[in-house]
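Chemist: here's my sequence, what's the structure:
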Amino acid sequence: MRRHRHAKIVATVGPASNTPEKLRELFLAGADVFRLNFSHGTHEDHAKVHAAIRALEQEMGRPIGILQDLQGPKIRIGTLVDGKEELVKGERVRFVLGKEPGAKQNIPLPHPEIFAAIMPGQDLLIDDGRVRVKVKGVTDTTIDGEVIVPGTISNRKGVNLPGTALDMSPLTEKDRADLAFGLSLGMDWIALSFVQRPSDVIEAKSIIGDRAGLVAKIEKPQALEKIDDIVRLSDAIMVARGDMGVEIPPEDVPGRQKELVRACRLAAKPVIVATQMLDSMVATPTPTRAEASDVATAVYDGADAVMLSAESASGQYPVESVSMMSRIIASTERHSAYRPIITALEPEVDTTPSHAVAAVGADLAQTIGAAAIFAFTSSGNTVARIARKRPDVPVLAATPNPDVARRLCLFWGAHPIQSGDVGTYEEMVVRAKELAASNEFAQTGQRIVVVAGIPFGQAGSTNNLRVAKL
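Modeler: Numbers count the residues shown, from 1 in each chain. Model prediction:
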């Protein structure tokens with residue numbers, strides 16, 4: 001079950017892929033982590049999928065990661081008397097605080113946080129930015145605006161506020177109930193929507209603790225302003241380009257993507273690039289050339305993972321979408337331009353001994369042509385430090401902790417396996433050779449580089465390097 005590529009694939013599960021048979025097909029096609037989108041479906045639905053993935057894991061004998069994506073606050077207009085309204089460029093409209101059905105002069109907006117935060121001169125976007133209104137005046141219960149980009153609005157269309165920081169938690173009552181349910185099932189990663197500030201991450205972490213890794217979804221301009229702190233506090237980052245592309249100019253999204261990938265690589269945190277990567281494959285069996293280039297760009301940037309949304313959740317070709325993404329990744333990583341680009345983007349090595357030992361291990365493996373890097377890890381930190389270097393050598397990550405093994409499915413280049421504890425240095429070397437051979441990473445006569453922390457089982461103590469020959 002070895003993957004012959006470094007970047008990972010996150011596949012969203014939905015009506016097109018939620019049966020045990022389809023999940024198995026997706027895994028065999030290349031899915032490394034399954035995303036359960038809690039914006040849709042019931043707890044019972046998600047529990048069945050979770051159980052099916054764990055059964056598949058047992059069948060395959062390989063860890064599989066599961067990511068729970070929380071819905072987050074959904075800001076929407078209320079209902080309209082006629083169901084829809086045509087907003088004309090230059091006309092004045094008014095939004096009112098409340099839920100009563102309205103028209104152009106009393107469009108319901110049942111979110112008091114907006115009225116408390118928005119200022120004249122800021123924009124209010126409706127329906128993914130298809131309609132844009134410039135705010136002219138604000139009271140405690142009304143917002144007056146001028147239509148800048150005209151269009152039709154209809155009941156409960158979404159609202160984006162690119163220039164406004166809202167005083168609201170990213171965790172709604174629904175999210176808190178969903179999170180408690182997800183943690184009770186044993187989710188490996190929790191994706192937090194609507195992150196605006198570092199305190200949002202702290203709030204979620206205070207609930208999650210060490211029961212799962214936290215993925216901060218970067219989709220708000222306010223998060224970009226505090227990105228260094230958000231990356232530091234999070235366990236991983238998702239570049240959520242859909243909402244981000246609504247709230248910042250589309251031409252700025254590619255540059256922001258590169259900044260976020262680099263920031264995560266510098267911090268040794270996984271980063272997922274998401275949204276509309278192979279969008280045309282929702283309805284067609286092949287992607288556009290532009291979409292193939294988009295996936296390849298994320299791989300050239302050094303992303304740990306790329307994600308499929310509707311393509312694998314509700315599209316007509318879920319398995320083909322995963323297979324195509326896997327082929328694009330593998331082809332990109334084999335291209336002659338890949339290694340020079342990845343090396344040029346390499347961050348400076350952290351000055352701590354643990355980072356230095358991991359970096360030297362990655363360099364040594366490439367220099368001597370090792371068949372693999374073998375990392376013993378209790379927390380996953382050793383693997384994260386090696387992955388930071390993006391070595392052109394597979395990383396076999398052995399851990400006694402099944403939760404850690406599953407989380408490592410998201411890390412660039414990592415091939416996680418659950419292995420028993422080792423007690424001595426010589427036992428470590430013997431075990432590394434056995435596992436490298438049995439998992440078909442190395443053959444007799446080949447070398448592997450073993451990276452570990454001694455004493456064993458002490459998290460964060462990467463301090464030992466060994467070259468072993470099978």
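Chemist: what helices or strands is the helix or strand containing residue 12 leaning on?
Modeler: Residue 12 is part of strand 8-13 when elements are defined by DSSP states H and E. Judged by 3 or more C-beta pairs under 8 Å, 6 or more residues apart in numbering; DSSP states H and E, strand 8-13 is in contact with strand 33-37, strand 305-308, helix 310-313, helix 318-334. Heads up, the C-betas are built off the backbone N, CA and C, glycines and all.
Chemist: redo that, cut-off 10 Å
Modeler: Contacts defined by 3 or more C-beta pairs under 10 Å, 6 or more residues apart in numbering; DSSP states H and E place strand 8-13 against helix 20-29, strand 33-37, helix 43-60, strand 65-69, strand 271-274, strand 305-308, helix 310-313, helix 318-334.
Chemist: paired strands for it, with orientation please.
Modeler: Note on strand 8-13: by DSSP bridges, its sheet partners are strand 33-37 (parallel), strand 305-308 (parallel).
Chemist: and the angle from the first one to helix 43-60?
Modeler: Relative orientation of strand 33-37 with respect to helix 43-60: 170 degrees, computed using axes from the mean of the first three to the mean of the last three C-alpha atoms, to 10 degrees.
Chemist: any weak-confidence spans in the stretch 251-400 of the chain?
Modeler: Along the stretch 251-400 of the chain, segments meeting pLDDT under 70 are nowhere present.
Chemist: mind giving me the domain ranges of this protein?
Modeler: 8-72+170-337, 84-160, 353-469 (automatic domain parsing).
Chemist: avg pLDDT for the second one?
Modeler: I take that to be domain 84-160. Domain 84-160 comes out with an average pLDDT of 96.
Chemist: what about residue 434, neighbour count?
Modeler: A count of nearby residues for residue 434, using other C-beta atoms under 10 Å, gives 12.
Chemist: now it, what's its secondary structure?
Modeler: Of the three states, residue 434 takes helix under DSSP: H, G, I helix; E, B strand; the rest coil.
Chemist: so it touches residue 422, yeah?
Modeler: No: proximity of residue 434 to residue 422 does not meet the contact threshold set by C-beta atoms under 10 Å, at 11.1 Å.
Chemist: re earlier: the strand holding residue 12 to strand 65-69, inter-axis angle?
Modeler: Strand 8-13 and strand 65-69 are oriented at 60 degrees to each other (the same axes, to 10 degrees).
Chemist: tell me the buried residues in strand 8-13?
Modeler: By neighbour count on 16 or more other C-beta atoms under 10 Å, the buried set for strand 8-13 is 8-13.
Chemist: out of the residues you listed, the closest to residue 356 would be?
Modeler: Proximity of the buried residues of strand 8-13 to residue 356 (C-beta to C-beta) peaks at residue 8, which lies at 25.8 Å.
Chemist: hang on, isn't the closest one packed against residue 407?
Modeler: No: using C-beta under 10 Å, residue 8 is not in contact with residue 407, being 11.7 Å away.
Chemist: now for those two: what residues contact both?
Modeler: Here residue 8 and residue 407 have 33, 65, 270, 414 as joint contacts, going by C-beta atoms under 10 Å, 6 or more residues apart in numbering.
Chemist: so what's the third one up against?
Modeler: Listed by C-beta under 10 Å, 6+ apart, the contact set of residue 270 reads 8, 33, 189, 213, 215, 234-238, 264, 303-305, 380, 384, 387, 407-412, 414.
Chemist: one more time with 6 Å
Modeler: By C-beta atoms under 6 Å, 6 or more residues apart in numbering, the contact set of residue 270 is 236, 304, 410-411.
Chemist: gap between residue 392 and residue 163?
Modeler: 44 Å (C-beta to C-beta, to the nearest Å).
Chemist: tell me how many other residues crowd residue 29.
Modeler: 20.
Chemist: wait, what's in contact with it?
Modeler: 319, 322-323.
Chemist: before we move on, the earlier item: narrow the contacts of residue 270 to those in helices?
Modeler: Using DSSP state H, no member of these sits in helices.
Chemist: dump those to TSV, plus neighbour count and distance to residue 51.
Modeler: TSV is the format used below for the contacts of residue 270 (neighbours: other C-beta atoms under 10 Å; distance: C-beta to C-beta, whole Å):
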residue	neighbour count	distance to residue 51
236	23	24
304	27	27
410	26	21
411	27	25
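Chemist: nearest to residue 60, of these?
Modeler: Nearest to residue 60 among these, with distances taken as C-beta to C-beta, is residue 410, at 17.2 Å.
Chemist: just give the closest residue to the closest one, not the sequence neighbours.
Modeler: Nearest non-adjacent residue to residue 410, counting by C-beta to C-beta, 6 or more residues apart in numbering: residue 270, 4.7 Å away.
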